[in-house]
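>>> Quick one: sequence plus predicted model below, questions after.
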Amino acid sequence: MPHAKLRAPDLTPGQYSTTFGEFIGIGPNGNLFVDGCDVQDLAEKFGSPLYIISENQLRQNYRRFRDAFRAHYPDVEILFANKSNNGLAIRHIMNQEGAGGDCFGAQEMYMALLAGTNPKSLVLNGSNKQDEELEMAIANGLCINIDAMDELDRIVAIAERLNTTVDIGIRLKLDLEPLRNRTGVAMHGPGTLKEQSDSTKWGMTREQTVEIVNRAKTMPSVVLKETHFHLSRMSNDPADFAVMAREMITWSGYIREHTGWTPPCIDIGGGWTFGKWYGTGPNSQLDDDRAPTPEDYARLCSAAIREEAERLNLPLPKLRLEPGRALSGPAGVAVGRVGAVKTGQTKKWVNLDLSTNHLSWAAVLDWYYHAVPVKNAGAAPTETVDLVGPLCNSDEIGPHRKMPALVRGDYVAFLDAGGYTESSAARYNAQLLPATVLVSGTQAEIITEREQLKDVAGRFRVPPRLLAGSFAA
Ligand SMILES: Cc1ncc(COP(=O)(O)O)c(C=O)c1O
């Protein structure tokens, strides 16, 4: 029997007068709470801008996803997309929950290994893997999803040098014919879902896949493990995901016909959305309470896989998924402090110390993060303002938001900001990156330190030859 502290805890959702998540809502004093902590207190104690993650919400999101798929499919493994939040503490929580991981690049792989993740539950994805990256994966026993024709030989050379075997998968370039006329979010430029998918750099054609499998079968150091695909966030319709899942099996049939090998596992990537009653996600396809749930995805994808496997007389493969934003997104909030409040002829601007460098999707993907005042979070809105940051570009993190009157020193929180925020934050204008606090019940602990000036300035060097010319009068 493991020690009680080693077991993942039971979860009891918080009691809130308004609920933004099982562990995020408006608390007894009217302020925004993350689990049992008043966000006003956290911002005053830890400073702003600040990311806050609810440990229990993260666990809850993972369990809901896992349980939904387990209810519909016999053999499922959830690999957390580390890129969505690669904090070490986050990875430790995922480990305790039993989640595997999708690693992209040497650093994400290193951090997952450093956190003690079982390497057999980690995959390495990437379109241009470096030799050192391949070696780290092979030495530690990760599955490498091949995404270039010369990758197999490079992998084998390293495996032979290390005198070991290596698990490989193959990232597919699915045809997605049924999505030829389907439209969604312009994630990969303009076009239908098929056109967007075709235009990305990812994946191997059917013929290339067959060639890789046939060659790999002759290589004693290679163990063929899976095929892989990632539909991405261009659609939030589970029917599109079911098309993709079905086609993974169609390709398994094609691969079996041309190689004799049937993929024992399919990894159907990430891109799974989540909805909130107040709206979240890309402005062009906002996810509200009609958004698909993990149950919807699980039901439709599992049925599609079963039907196609039955039609082709294939055994049901193990199913792997790589959700990122659906797990980490709703687990976090980002908090900014109000500074200058400006009124123009047609607009009012509320300046915050939080910006599009901290919530980069607001700028690059036109992403909607719902904003609430931290103090008196349920106060009725009285005006429409643009919530902007301190950068020298037009950094609108919350244009046209209905808010109560905000004054200098107030805090504003952006909800569902636990994914792709810290991990894709930028230092434009030499901004210092925020701290992240992990909340569990009434406990709040720093899991990412706030950057200091030395972290930004310390990386710059001045060649000595420039010193005299610059310092001399
Ligand atoms: C290969 C792969 N898997 C999983 C994910 C996670 O996607 P999401 O966070 O939308 O679930 C990504 C995101 O880019 C990805 O590239």
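Sure, I can see it. The shown structure was predicted, so the numbers you read here are calculated from the model rather than taken from an experiment.

>>> Which elements pack onto the longest helix along the chain?
The single longest helix within the chain, with elements called by DSSP state H, is helix 238-259. If contacts are counted by 3 or more Cβ pairs under 8 Å, 6 or more residues apart in numbering; DSSP states H and E, helix 238-259 sits against helix 206-216, strand 222-228, strand 265-267, helix 294-311. Glycine gets a C-beta too; all of them are placed from N, C-alpha and C.

>>> The same query, at a cut-off of 7 Å, please.
Packed against helix 238-259, as judged by 3 or more Cβ pairs under 7 Å, 6 or more residues apart in numbering; DSSP states H and E, are the following elements: helix 206-216, strand 222-228, helix 294-311.

>>> So it, near the ligand or not?
No - if you take Cβ under 6 Å from any ligand atom as the test, helix 238-259 misses the ligand, and the best it gets is 11.0 Å.

>>> Pull the number of nearby residues for the residue in the stretch 151-300 of the chain that the ligand sits nearest to.
In the stretch 151-300 of the chain, the residue that lies nearest the ligand is Gly270 (2.4 Å; Cβ to the nearest ligand atom). If you count neighbours by other Cβ atoms under 10 Å, Gly270 ends up with 22.

>>> Can you measure across stretch 305-317, start residue to end residue?
In stretch 305-317, first residue to last residue: 9 Å (Cα to Cα, to the nearest Å).

>>> In this structure Gln196 contacts Met234, no?
Yes - using Cβ atoms under 7 Å, Gln196 makes contact with Met234 at a distance of 5.4 Å.

>>> so who does Leu174 touch?
Contact partners of Leu174, counting by Cβ atoms under 7 Å, 6 or more residues apart in numbering, are 229, 244, 247, 251.

>>> still on that earlier bit, with mean neighbour count, mean pLDDT and distance to Phe23 as extra columns, can I get the helices and strands packed on helix 238-259 in CSV?
Output for the helices and strands packed on helix 238-259, formatted as CSV (neighbours: other Cβ atoms under 10 Å; pLDDT from 0 to 100; distance: least, Cβ to Cβ, whole Å):
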stretch, mean neighbour count, mean pLDDT, distance to Phe23
helix 206-216, 18, 98, 43
strand 222-228, 22, 98, 32
helix 294-311, 19, 98, 17
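
>>> Now tabulate these in TSV and tack on distance to the ligand.
Formatted as TSV, the helices and strands packed on helix 238-259 follow (distance: least, Cβ to the nearest ligand atom, whole Å):
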stretch	distance to the ligand
helix 206-216	17
strand 222-228	7
helix 294-311	11
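
>>> Please enumerate the helices of this structure.
So, for the chain - with DSSP H - the helices run 39-46, 55-72, 88-97, 106-114, 131-140, 151-161, 193-199, 206-216, 238-259, 294-311, 325-328, 360-364, 453-457, 467-471.

>>> Who does Ile52 form a beta bridge with?
Val333, Val437 (DSSP bridges).

>>> and Arg70, how many neighbours?
Look at Arg70: counted by other Cβ under 10 Å, it has 15 neighbours.

>>> Can you tell me the closest non-neighbouring residue to it?
When the adjacent residues along the chain are set aside, Arg70 lies closest to Val76, with 5.5 Å between them (Cβ to Cβ, 6 or more residues apart in numbering).

>>> And for Ala68?
Pro294 (3.7 Å).

>>> What does the pLDDT read for the closest residue to the ligand within the stretch 351-473 of the chain?
At 6.2 Å from the ligand, Gly419 is the closest residue in the stretch 351-473 of the chain, using Cβ to the nearest ligand atom. In this model, Gly419 is scored at 98, pLDDT.

>>> same question, Met1
At Met1, pLDDT is 54.

>>> what do you get for Ala4?
Looking at Ala4, its pLDDT stands at 66.

>>> repeat for the one 3 residues further on
Residue-level confidence at Arg7 comes out at 88, pLDDT.

>>> residue contacts, it?
Counting by Cβ under 7 Å, 6+ apart, Arg7 touches no other residue.

>>> what about it, distance to Thr183?
According to Cβ to Cβ, to the nearest Å, Arg7 and Thr183 sit 46 Å apart.

>>> Also Glu308?
Distance from Glu308 to Thr183, by Cβ to Cβ: 24 Å.

>>> same thing with Gln285?
Taking Cβ to Cβ, one finds Gln285 at 10 Å from Thr183.

>>> With Asn393 instead?
From Asn393 to Thr183 the distance is 29 Å (Cβ to Cβ).

>>> Between these two, point out the one with more neighbours.
In terms of neighbours (other Cβ under 10 Å), Thr183 is the more surrounded of Asn393 and Thr183; the figures are 16 against 12.

>>> now the more buried one, nearest residue through space, not along the chain?
Setting aside the residues directly before and after it, Thr183 is nearest to Thr192 in space (Cβ to Cβ, 6+ apart), at 5.5 Å.

>>> Report the contact partners of that neighbour.
For Thr192, the contact set (Cβ under 7 Å, 6+ apart) comprises 179-183.

>>> mind redoing it with 6 Å?
Taking Cβ atoms under 6 Å, 6 or more residues apart in numbering, we find Thr192 in contact with 181-183.

>>> hmm, back to that, relative to Val338, which of the helices and strands packed on helix 238-259 is closest?
helix 294-311 (36.0 Å; Cβ to Cβ).

>>> No further queries at this time; thank you.
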